[in-house]
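# build me a model:
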Amino acid sequence: MKLVRQATFLLFIAFIGEVLNKVIFIPLPGSVLGLLVLLALLLLKWVSIEQIEELSTFLMNHLAIFFVPAGVGLINVLGILKETWFILLVISVSTTLLVLLATAFVVQQIRRRRK
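Below you'll find the predicted structure:
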């Protein structure tokens, strides 16, 4: 019963994110807005980690399953990918490097502040 309660709560938060996306017209996906709402609830201590920990751990342990629909979707648009593969490769490599550099910068800043 605990997992059902946690799943219901997380689905409700995701629904709130979708509603915010439609009502406020923020240029972020509803799922991201839902995660931001959840983060706010956790930071304000209105929700404790224990209330969502079990389901969150389960979902993280089975994260690979969530990539299957994306893989199938890529197969469905294989014709488009054949035409633009080089551009997608350049974008993928450059954004990966950008994220890597940004992460390194943030880690360095955090380490300096802790010292």
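# quickly note the distance from the most centrally placed residue in the chain to residue 92.
Centroid-nearest residue in the chain: residue 32, 6.3 Å away (criterion: CA atoms, centre = their mean). Remark: distance between residue 32 and residue 92 (CB to CB, to the nearest Å) = 20 Å. Where you see a C-beta, it was placed from the backbone N, CA and C, and this is true even at glycine.
# next: residue 110.
27 Å.
# and the gap between residue 34 and residue 10?
8 Å.
# which of these two has more neighbours?
residue 34 (23 against 17; other CB atoms under 10 Å).
# quick check: the more buried one touching residue 11?
No: Residue 34 lies out of contact with residue 11 (CB atoms under 8 Å); the separation is 9.3 Å.
# element containing the residue nearest to the centre of the chain, please.
Following DSSP states H and E, one finds residue 32 within helix 30-43.
# next SSE after that helix?
For helix 30-43, the following helix or strand on the C-terminal side (DSSP H and E) is helix 53-61.
# convert that next one to CSV, retaining C-alpha atoms only.
The C-alpha trace of helix 53-61 is given here as CSV (Å, rounded to 0.1, in the frame of the first residue of the first chain):
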residue,chain,number,x,y,z
GLU,A,53,12.1,7.2,-0.9
GLU,A,54,10.9,3.6,-1.6
LEU,A,55,9.3,4.3,-5.0
SER,A,56,12.1,6.7,-6.0
THR,A,57,14.7,4.0,-5.3
PHE,A,58,12.7,1.4,-7.3
LEU,A,59,12.4,3.8,-10.2
MET,A,60,16.1,4.6,-10.2
ASN,A,61,17.0,0.9,-10.0
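# who are the packing partners of that helix?
helix 2-24 (3 or more CB pairs under 8 Å, 6 or more residues apart in numbering; DSSP states H and E).
# buried stuff in the helix it packs on?
6, 9, 10, 13, 14, 16, 17, 20, 21 (16 or more other CB atoms under 10 Å).
# again, but for stretch 26-44
Buried residues in stretch 26-44 (16+ other CB under 10 Å): 30, 33, 34, 37, 38, 41.
# closest to residue 85 out of these?
residue 30 (30.1 Å; CB to CB).
# so who does the closest one touch?
Residue 30 sits next to 14, 17, 18, 19, 20, 21, 22 when contact means CB atoms under 8 Å, 6 or more residues apart in numbering.
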